[in-house]
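> Just a sequence and a predicted model for now, questions to come.
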Amino acid sequence: MMMVPSIFRNGFFDDFDNFMDWPTGTRTDGSLMKSDVKDAGDHYELTMDLPGFDKNDVKLGLKDGVLRFEATKKNSNDEKDPDGKYIRKERFEGTCQRSFYVGDQITEDDVKAKFDNGVLTVEIPKKEDKEIAENKYIPIEG
C-alpha cells in the first residue's frame, strides 16, 4: 500500500475507519444513507440522505417485517484522464444497504416512498400488534 501525504486525507486512520468490503463493493461504514425517523402521529416518516444517487439507483424491499434499502452507484469507466492518474478518489462507487424493522403487519401496499433532490422520504403507517389471545390451559388428569 502506498502512503500518500496527509494533505490528501482528513486523518491518518480515515482509510481504516471508512472500511469498504472490497470484494462486493458494499459500503459498511454508515457514512452514506444517514437517516431520521419521525413519529408523525398516524405514521412514521423516515428520511434518508442519498446524495449523488438517482431515483433509479435506489431499491426498497419488504420481507419478514424488515424494510430494506439498497442504493447502487456506478461511474462510467469510459472516461480517461489524459493529464494524469488519480491519487485519491472520494466519490462513492458501489452498493450501500440499510434496513429497519417495521413489523410483520406492514405490507408493500402500506409503504409510500418519494425521492426528491437526493432525499428519500418513506411513510410507514402505524399498525397495532395483533392481540395475543388469553392463555388457554390444558387440564392435567391424574
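Received the coordinates, thanks.

> Now do the same contact list for the spatially closest residue to residue 110 that is not a sequence neighbour.
Of all residues not flanking residue 110 in the chain, residue 125 sits nearest, at 5.2 Å (CB to CB, 6 or more residues apart in numbering). Yep, even glycine has a C-beta here, placed from its N, CA and C like the rest. Taking CB atoms under 8 Å, 6 or more residues apart in numbering, we find residue 125 in contact with 42-44, 106, 110.

> at 10 Å instead, please
42-44, 102-103, 105-107, 110-112 (CB atoms under 10 Å, 6 or more residues apart in numbering).

> Considering those, which possesses the most neighbours?
Compared across the contacts of residue 125, residue 102 has the highest neighbour count, 20 neighbours, by other CB atoms under 10 Å.

> for stretch 111-127, which positions count as buried?
111, 113, 115, 120, 122, 124 (16 or more other CB atoms under 10 Å).
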